[in-house]
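Engineer: My questions are about this predicted structure, shown below with the sequence.
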Amino acid sequence: MIQVRGVTKYYGQRVAVKDISFEIMQGRVVGLLGPNGAGKTTILRILTCYLSPSEGKVIVAGIDSEQDPLGIREKIGFMPENVPLYGDMTVGQFLGFVADSKGIAARDRRFEISKVISQCGLEQQEKRLIRHLSKGQRQRVGVAQALLGNPQILILDEPTAGLDPAQVLEIRELVKELGKEKTVILSTHILPEASQVCNEVIILNNGKLIAQGTLNELREKLRKSEEMKFLVRTEADLKKMLELKSEDFVVDVIEKHKGEYEILLKPELNVSGRLSKKIVEKGIALFEMRSMELSLEEIFVRLLIYEDENSNQN
Amino acid sequence: MLKGLLPVLKKDVLIMFYSPIYYVCSLIFALLSGYFFYSNIAYFGILSLQASGDPFLSDILNLSDMVIKPFFGNIMVILLLLVPLLTMRSFAEEKKQGTIELLFTYPISDWGCLLGKFFAVVVSYFGMLIWTIPCIVILTFLGSPDWGIVLSAYLGIFLAGLAFSAFGIFASSITENQIVSAVIAFGGLLLLWAVGWMKRLGGDLLGKILEYISMTTHTESFAIGIIDTRDVLYFFIFSAFWLGITSRILQQRYIKR
């Protein structure tokens, strides 16, 4: 559906993104993750043909962005960061303008506008001036304008930025719903958002792509290369548990609560069996021991560290 | 090539008519043009009274020279001051609010957007010119104006309006600040208006060039009822030139490096 091949973008002498390549299949919800300044917005602007890449190629739905940028824009619904809107227009007038701009036929115009208004819960706001709307309502108008014309691809730049927790949940639910029938790309630096909403993530840092895949694929990749984490519940106190650090395969022992410990192990063969054996040998009653999933924050931070170490070695 | 012209035109006209700037500009224009019209008529009345005993002077005095020509000349200068206030929003506001990103991710071509904005200013400009119609109606009650001169003067104002709007939109495309845009447009237009006054200091060739560039050179003939195709062409070329430059500025974002 979307192919990005070796894309680099310079702003003057500054490199915003460097040699980025990825592919996004139809019907996926993909999170573009990275800290501020990682190059997420630049990539989205290139995908929407607002900017052209300095090097590389972008192909969306079989259309080359250099050959037919307007053709690509017809297939994409885009909500820019901070949702810039025309404050002097009413919601209805604005959506009318968007419908005309997207070339929606006059006979379908009213139906299409009503459809996105009800999809985004804006029925009460249609006649209100946009400058009088709350941040959450503006965000919904932003999503509604992106949805007009029923585009195959939806690109949302920081869709929940600046919203209160209830509004964040509403927008996430909306994105999940949309993801059932469209290809959705959303950029965010809020990691739980990506883990809740996305099937797949692309992680950027300093303008470079450092990882792409499903969350499970990324977890697996890290599990193979990094420490393994276990949650252990015992009757022993911290002093007794810290004795385990003398074992060569134990990296660290951290007390989470009384009788509950997080133990980091080197990624070696049958390391969990060796740990349980050692605990029992020390005469400690073992109530529970299980492997802990890496949270997306941990994956993200570790991938960033990994990237930094690799670039320092190079 | 012009995809999106009509939606952008409609949107900009709507926003313009919601904006207090437009109504303030219209009001100031109505007051100033009314004032200049009244002073021209009053001056013409006094002179006519004084010349009533002198058949030679009576023959020279006429509405076209004493009222229509100075009236349209004054209007042109007022518009030169006010058009930058109409154009200052065009791109500067879109850039400041970030809506330009929204605009250029719709299937709208750069030229469609540019001409949509240009014609929106032209429509607003026409809206302001409506205030001059009562003056012309009053003139028909007071005397018999030469309709050929009135219509050619209106054509001159229309063409000058295209040129002012094109330059104003160019000024708006190079900044995010509306005030800076208005100042650049006003300064540039005033310079292009008055540059011909330097023709005597410029020598033969430079003098001719300055005279040709100057807008005043090309408005004079319209005010005396002559439609010279060279003057018509000048305003079209002037407008196309500044719109072309603006289009290049918009395309900057596509430049590879």
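Structural biologist: That came in fine, so what should we check first?
Engineer: Surely residue A:3 forms part of a strand?
Structural biologist: Yes. Using DSSP: H, G, I helix; E, B strand; the rest coil, the assignment for residue A:3 is a strand.
Engineer: Now do the same for the closest residue to it other than its chain neighbours: helix, strand or coil?
Structural biologist: Using Cβ to Cβ, 6 or more residues apart in numbering or on different chains and skipping the chain neighbours, the partner closest in space to residue A:3 is residue A:59 (4.4 Å). The C-beta positions use only the backbone N, C-alpha and C, and glycine is treated the same way. Secondary structure, three-state DSSP: residue A:59 is strand.
Engineer: and residue A:59, bridged to which residues?
Structural biologist: residue A:3, residue A:64 (DSSP bridges).
Engineer: give me every residue that touches it.
Structural biologist: By Cβ atoms under 8 Å, 6 or more residues apart in numbering or on different chains, residue A:59 lies in contact with A:2-3, A:5, A:65.
Engineer: Type out the ChimeraX command that picks the buried ones from those residues.
Structural biologist: Selecting only the buried entries of the contacts of residue A:59 in ChimeraX, with 16 or more other Cβ atoms under 10 Å in any protein chain shown as the criterion:
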select /A:2,65
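Engineer: Tell me the one of the contacts of residue A:59 nearest chain B?
Structural biologist: residue A:65 (10.3 Å; Cβ to the nearest Cβ).
Engineer: Quick check, that closest one in contact with residue A:56.
Structural biologist: No. Taking contacts as Cβ atoms under 8 Å, residue A:65 lies outside contact range of residue A:56: 9.9 Å.
Engineer: Where does the stretch 201-314 of chain A get nearest to chain B, which residue?
Structural biologist: Here the residue of the stretch 201-314 of chain A nearest chain B is residue A:207; by Cβ to the nearest Cβ that distance is 15.0 Å.
Engineer: burial count for that residue?
Structural biologist: By other Cβ atoms under 10 Å in any protein chain shown, 21 other residues sit near residue A:207.
Engineer: What is the least confident helix or strand in chain B?
Structural biologist: helix B:55-60 (a mean of 73; mean pLDDT, DSSP states H and E).
Engineer: For the residue of the stretch 101-250 of chain A at minimum distance from chain B, give me its contacts.
Structural biologist: Here the residue of the stretch 101-250 of chain A nearest chain B is residue A:101; by Cβ to the nearest Cβ that distance is 4.1 Å. Contacts for residue A:101 (Cβ under 8 Å, 6+ apart) come out as B:4, B:7-8, B:103, B:106-108.
Engineer: so what pLDDT did it get?
Structural biologist: Looking at residue A:101, its pLDDT reads 94.
Engineer: And it, how far from residue A:153?
Structural biologist: To residue A:153, residue A:101 is 17 Å away according to Cβ to Cβ, to the nearest Å.
Engineer: do residue B:161 as well
Structural biologist: In terms of Cβ to Cβ, residue B:161 sits 42 Å off from residue A:153.
Engineer: ditto for residue B:60
Structural biologist: Where residue A:153 is concerned, residue B:60 sits at a distance of 74 Å (Cβ to Cβ).
Engineer: Okay, strands next: where are they in the chain?
Structural biologist: I went with chain A, as the question did not name one. Assigned by DSSP state E, chain A shows strands spanning A:2-11, A:14-24, A:29-33, A:55-60, A:63-64, A:76-79, A:153-157, A:183-188, A:200-205, A:208-213, A:228-234, A:250-257, A:260-265, A:286-291.
Engineer: my bad, chain B
Structural biologist: Under DSSP E, chain B gives no strands.
Engineer: one step back: let's have the strands of chain A in TSV, adding distance to residue B:133.
Structural biologist: Output for the strands of chain A, formatted as TSV (distance: least, Cβ to Cβ, whole Å):
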stretch	distance to residue B:133
strand A:2-11	51
strand A:14-24	54
strand A:29-33	57
strand A:55-60	52
strand A:63-64	51
strand A:76-79	45
strand A:153-157	49
strand A:183-188	54
strand A:200-205	60
strand A:208-213	64
strand A:228-234	82
strand A:250-257	83
strand A:260-265	83
strand A:286-291	84
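Engineer: Export the ones you listed to TSV and append columns for mean pLDDT.
Structural biologist: Formatted as TSV, the strands of chain A follow (pLDDT from 0 to 100):
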stretch	mean pLDDT
strand A:2-11	91
strand A:14-24	91
strand A:29-33	90
strand A:55-60	92
strand A:63-64	90
strand A:76-79	93
strand A:153-157	91
strand A:183-188	89
strand A:200-205	88
strand A:208-213	86
strand A:228-234	83
strand A:250-257	85
strand A:260-265	86
strand A:286-291	83
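Engineer: Out of those, which is closest to residue A:129?
Structural biologist: Relative to residue A:129, the nearest member of these by Cβ to Cβ is strand A:76-79, separated by 19.7 Å.
Engineer: Which elements pack onto the closest one?
Structural biologist: For strand A:76-79, the elements it packs on are helix A:135-147, strand A:153-157, judged by 3 or more Cβ pairs under 8 Å, 6 or more residues apart in numbering or on different chains; DSSP states H and E.
Engineer: for those, which one ends up most surrounded?
Structural biologist: Ranked by mean neighbour count, the helices and strands packed on strand A:76-79 are led by strand A:153-157 with a mean of 24 (mean count of other Cβ atoms under 10 Å in any protein chain shown).
Engineer: Parallel or antiparallel, which strands does that strand pair with?
Structural biologist: When sheet partners are counted by DSSP bridges, strand A:153-157 sits next to strand A:76-79 (parallel), strand A:183-188 (parallel).
Engineer: That one versus strand A:29-33: what angle between them?
Structural biologist: Put simply, strand A:153-157 runs at 30 degrees to strand A:29-33, going by axes from the mean of the first three to the mean of the last three Cα atoms, to 10 degrees.
Engineer: What angle do strand A:55-60 and strand A:153-157 make with each other?
Structural biologist: 130 degrees.
Engineer: ok, which residues in chain A are in contact with chain B?
Structural biologist: Contact residues (Cβ under 8 Å from any Cβ of the partner chain) of chain A with chain B: A:10, A:45, A:48-52, A:54-55, A:70-71, A:73-74, A:76, A:78, A:80, A:82, A:84-89, A:93, A:97-98, A:100-103, A:145.
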